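>>> Sequence first, predicted coordinates after that:
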Amino acid sequence: MTPPVRVLFVSDDLEHACALAQEASRLDVNIEFLFPSRIGTLTQENELIIDILLLDCHTLHDVPDIDGFLSGFRLGSCPFIALVSAEDLPLMVNLMERDVDLYLNKGRTIPELADLLVQKIKALRDLAKAEDIRLRTEKRLQALVELAQTRRATFDEVADYTLQKIIDITGSEMGYLAFLEDQGRTLRMHAWSETGLSRCRLAHKPILYSMDKVGVWGEPIRQGRPIIINDFQTPHPLKRGSPSGHVEIDRYLAVPVHLDGKVVATAGVANRKEPYDETDAQQMQLLAEGMVSIQHGIEIRREHMESQAKYQALLDSVPFTVALLDEDSRILSINRSPPGLDLQPQELIGQLVYEMGEETEDVYSQSFRKAVENNDTFRDEVVIKDDEGHAVYLNLMVSPVRTGVQGQRMYIATIDDITETRKAFLNLHKSREKMKLMESLTYHDIFNQLQIMKGYLDLMGSEEGRNDRDRRMFSQVEKAADSISEQVQMLRDYYALGLSDPEWLDLENEIGVALEGSGLMADILNSDCQNRQVLADRSLHKVFHNLFNNSIKHGNGISRVTISCHDLPDQGMRIVYTDDGIGIPSENKQRIFDRGFGNHTGLGMFLVREILQTSGFEIRETGEEGARFEIDIPRGFHRLA
């Protein structure tokens, strides 16, 4: 409710003044009457509190020291209305020099004069209110400008500064800022004005408040609108009482503070001399929300700068070239100059890939074009020449990246100099080719010499006249030659492991190849792995060949060998090999795969495990009656033919 307007009417016409006062009271205007001759009795101690000064001009000559009265009466910004008539024209000129605000023609009836006075007062009030809004808007905008120019201030400093500006703009005695936390369940008191803190006599001033228990100052958040209470001491439905020692409040204003459409905080002020209104709420809310928005922007910039610093530090630590390109192939960021370019990274920023030089145009730009055309990662290994004409091998990859901006595409290009790796690979390849040649020649030479030696041993052992002792010795030498031949063959097989890429092999075919020359009778073998294929080293058949030999040599007369295939829950497959021999003692189940274990060369089962592990398979012996070998094939390494 708007309080009545207080008018001081200086005039010597008491009857006229009383009639005007009576008529104006109906229009919520209270007129205090004062004779001009009594102005001198007003002092600093008994001065009247008024909103408007109304001065009857024809009594102006009766006012002692009119200039002192106007300047020393402490009217401040109080408007000045002059009541004039036609014969008061010379006085009107005099009053213009004293900054009169409005003139009122007294040649009217009392009701007309009262109505006109109210209209003039309303016009003055509207002007005063507009000026007040303008001044407060200027203060608010100035505060926001100062906040926007802040770069190094902490959040606490920004909040304290904003709170003080809110108190200044609203003309309040005290205020606070509180922010929502814990997904809106908790309200944290972030900043109290010094006046509020000094007047609060609570023994323990809380910082965190539960939103389901907080009183009236949680209402702006709950209702999403300003809360104005200009008579705080009277009962109010939103109030829940105050604890003993809490600061006394006469008038109260609180507003919600939004960010991106959500309430994130609340700001409150209290105890202004004049009542709060919607203009106060609007100015206060705009300033608080401006502060939150600016601080949010500062935090985003700070996080962005920190992220950029980490990103740049990460890029700088990468030992190869990484560049960010836009869809026009323009370099936006790069950590180091690509091989073949004698430029600093900062010189490449903003350049197009196609403009980086004749040597690189075909190499780099073609890879970028292919990535753009396919909108997919493009990889290539390319060769360029350095300044001395030597080959430089590069591993080049261009990948599209998501930017989060609709319609905007960017690409990451990585360029890795793999010259040393490539040279090492080529040297290794050459060494391997030499070793293969040497292995082939050595194997054939040793094998041929062994065959010649075995032939002579047969002739010598079969000559007439040899006694039993000589024949036994020749037989032992012949066995040793056979063992050497077997070991050379196994070493050759072991050397060949992993030299070729794995292939899809048909299990039944591999088992059939292994059966030939193994000495195992085909009629005792039962296999149910038809239409099964595995991705393995091409020497897989040697696994089954050695398992057959192991059953024959150590089974002590076997009559049945079974090979079966089983699907596993993890989508793998298990190959199970069993025989009905005497089995393998439990203490030897793991040792049989060690090199050198056994009665013969000790290489057969060792080679079995090595072949399988080369393909990523595992083998173990689990038999209780007879031998049982389980070979596990992982998911993706087996299929139906």
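Right, received. Where do you want to start? Residues are numbered from 1 along each chain as shown.
>>> Output the below-cut-off pLDDT ranges for the stretch 51-200 of the chain.
Scanning the stretch 51-200 of the chain for pLDDT under 70 picks out the ranges 58-78, 86-99, 103, 125, 128-129, 132, 140-141, 143-153, 191-200.
>>> could you pull out the strands for it?
52-56, 80-84, 102-105, 174-181, 186-192 (DSSP state E, counting those that start in this stretch).
>>> Show me what the shortest one is packed up against.
If you count contacts as 3 or more CB pairs under 8 Å, 6 or more residues apart in numbering; DSSP states H and E, strand 102-105 packs onto strand 80-84, helix 110-148. For every residue, glycine as well, the C-beta is placed using N, CA and C.
>>> again, but for the first one
Using 3+ CB pairs under 8 Å, 6+ apart as the contact criterion, the secondary-structure elements in contact with strand 52-56 are strand 5-10, strand 80-84, helix 110-148.
>>> In a markdown table, list the strands of the stretch 51-200 of the chain along with distance to S551 and mean neighbour count.
Below are those laid out as a markdown table (distance: least, CB to CB, whole Å; neighbours: other CB atoms under 10 Å):
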| stretch | distance to S551 | mean neighbour count |
| --- | --- | --- |
| strand 52-56 | 121 | 24 |
| strand 80-84 | 124 | 21 |
| strand 102-105 | 123 | 16 |
| strand 174-181 | 74 | 21 |
| strand 186-192 | 75 | 18 |
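>>> And those strands: which comes nearest P400?
Proximity to P400 (CB to CB) singles out strand 174-181 among these, at 39.6 Å.
>>> Dump the closest one to PDB, restricted to CA.
Coordinates of each C-alpha in strand 174-181 appear next as PDB, following Å, rounded to 0.1, in the frame of the first residue of the first chain:
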ATOM      1  CA  MET A 174      22.100  -5.500   5.200                       C
ATOM      2  CA  GLY A 175      21.900  -8.400   2.800                       C
ATOM      3  CA  TYR A 176      23.000 -11.900   1.900                       C
ATOM      4  CA  LEU A 177      23.700 -14.300  -1.000                       C
ATOM      5  CA  ALA A 178      22.900 -18.100  -0.800                       C
ATOM      6  CA  PHE A 179      23.500 -20.800  -3.400                       C
ATOM      7  CA  LEU A 180      21.700 -24.100  -4.000                       C
ATOM      8  CA  GLU A 181      23.800 -27.300  -3.600                       C
END
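>>> if I look at N556, how far off is A627?
Plainly put, N556 is 11 Å away from A627 if you go by CB to CB, to the nearest Å.
>>> what's the overlap in contacts for the two?
G581 (CB atoms under 8 Å, 6 or more residues apart in numbering).
>>> who's more crowded, the two?
A627 (24 against 10; other CB atoms under 10 Å).
>>> ok so, going back, I'd like the strands of the stretch 51-200 of the chain written out as a markdown table, with distance to P256 added.
As requested, the strands of the stretch 51-200 of the chain are arranged in a markdown table below (distance: least, CB to CB, whole Å):
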| stretch | distance to P256 |
| --- | --- |
| strand 52-56 | 36 |
| strand 80-84 | 41 |
| strand 102-105 | 40 |
| strand 174-181 | 10 |
| strand 186-192 | 12 |
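>>> Among the ones you listed, which comes closest to N271?
If we rank these by CB to CB, the stretch that ends up nearest is strand 174-181, at 6.2 Å.
>>> any idea how far the closest one is from the chain center?
28 Å (CA atoms, centre = their mean, to the nearest Å).
>>> Equivalent analysis for stretch 166-180, please.
Distance of stretch 166-180 from its chain centroid, counting by CA atoms, centre = their mean, is 34 Å.
>>> Alright, that wraps it up for me.
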